[in-house]
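Undergrad: only geometry, no sequence info:
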Ligand SMILES: O=C(O)c1ccccc1N[C@@H]1O[C@H](COP(=O)(O)O)[C@@H](O)[C@H]1O
C-alpha cells in the first residue's frame, strides 16, 4: 500500500528541499494569521514551485473568506485545499465548485464517536484529516503537536482516504502506522526545532523512521 506523507507549515527553501528529498507526497502551507507557520500567499507560490511534478501543494485555511481564498488560489496555485476550521458540508461543496480543487476536510478527534462527524461530508470531501483536538487555551486549531489515541482509527472502512495528523514525530510514527495503518500521515511540529522553525535534519529523521517502521512491518 502506498503511504502519502505531508510535511506541513513550510516557510523556507531548505525545509522544502528536505521534504522533497525525503519523498513527501504533499507539502503544506499555513494561511492562518495566528500561526507561527503563517506564510504570505505569494511567498508560498514561490516556494511551491520546487514541488512541481514531485509533491502536491496544499493550502491550509481555517474558515477563510472567499476573498482570502481567491488570493491564495491566484498567488499560490494549490493542488488541494485543506479546510481546518468549522466549514460545513455545504461550504466544502461550495469551495470545491468555486475553485475546482480537491478538498481535504480536517476533523478533530479524541474518541471513536468523533469519527461520526465525517458522515455529512461523505461524497463531498475528497479526503479527511484526523487531527487531535487543540489543548485548552490554544489559539491554533492544528499544529499543536498533540496526538490522540490512534487506535480509534483502526475500525474505519479500509477504503476511506485520510491522513493521520497531530503530534507525530520520528519516535512515535512507528506506533501510528502499527495501530492505525493509515493511508497518509501529516506532520508539522514534530519536525521543528522551535514553533514555526522547520529543521531539515528532523525532516530527514522522520522519513528514515517511516521507512524503518514500514520495513519492519514488511519483514
Ligand atoms: O500548523 C499550524 O499552525 C496550523 C494552523 C491552523 C490550522 C492547521 C494547522 N496545522 C495542521 O495541523 C497538523 C498537525 O500539526 P502537528 O504535527 O501536531 O504540529 C499540521 O500538519 C497541519 O495540517
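TA: Perfect, I can see it now. Remember, predicted model here, so these are calculated numbers, not experimental data. Residues are numbered from 1 along each chain as shown.
Undergrad: ok, now how distant is residue 45 from residue 118?
TA: For residue 45, the distance to residue 118 equals 31 Å [Cβ to Cβ, to the nearest Å]. Every C-beta, even on glycine, is put in place using the N, C-alpha and C of the backbone.
Undergrad: oh sorry, the question was meant for residue 168
TA: 20 Å.
Undergrad: who has more neighbours, the two?
TA: A direct count of neighbours by other Cβ atoms under 10 Å for residue 168 and residue 118 places residue 168 higher, at 25 against 18.
Undergrad: For the more buried one, give me its contacts.
TA: Taking Cβ atoms under 8 Å, 6 or more residues apart in numbering, we find residue 168 in contact with 147, 176, 185-187, 190, 206.
Undergrad: does the ligand sit close to the helix or strand containing residue 108?
TA: Following DSSP states H and E, one finds residue 108 within strand 103-109. No. Judged by Cβ under 6 Å from any ligand atom, strand 103-109 and the ligand are separated, with a smallest distance of 6.9 Å.
Undergrad: Mind giving me the packing neighbours of that strand?
TA: Strand 103-109 sits against strand 80-83, helix 89-99, strand 127-132, with contacts defined as 3 or more Cβ pairs under 8 Å, 6 or more residues apart in numbering; DSSP states H and E.
Undergrad: Once you drop chain neighbours, what's closest to the residue in the chain positioned nearest to the ligand?
TA: Of all residues in the chain, residue 143 sits closest to the ligand, at 2.1 Å by Cβ to the nearest ligand atom. Distances taken as Cβ to Cβ, 6 or more residues apart in numbering put residue 188 closest to residue 143, at 5.0 Å, once the chain neighbours are dropped.
Undergrad: ok, now which ones touch that neighbour?
TA: So residue 188 contacts 7-9, 28, 37, 142-143, 145 (Cβ under 8 Å, 6+ apart).
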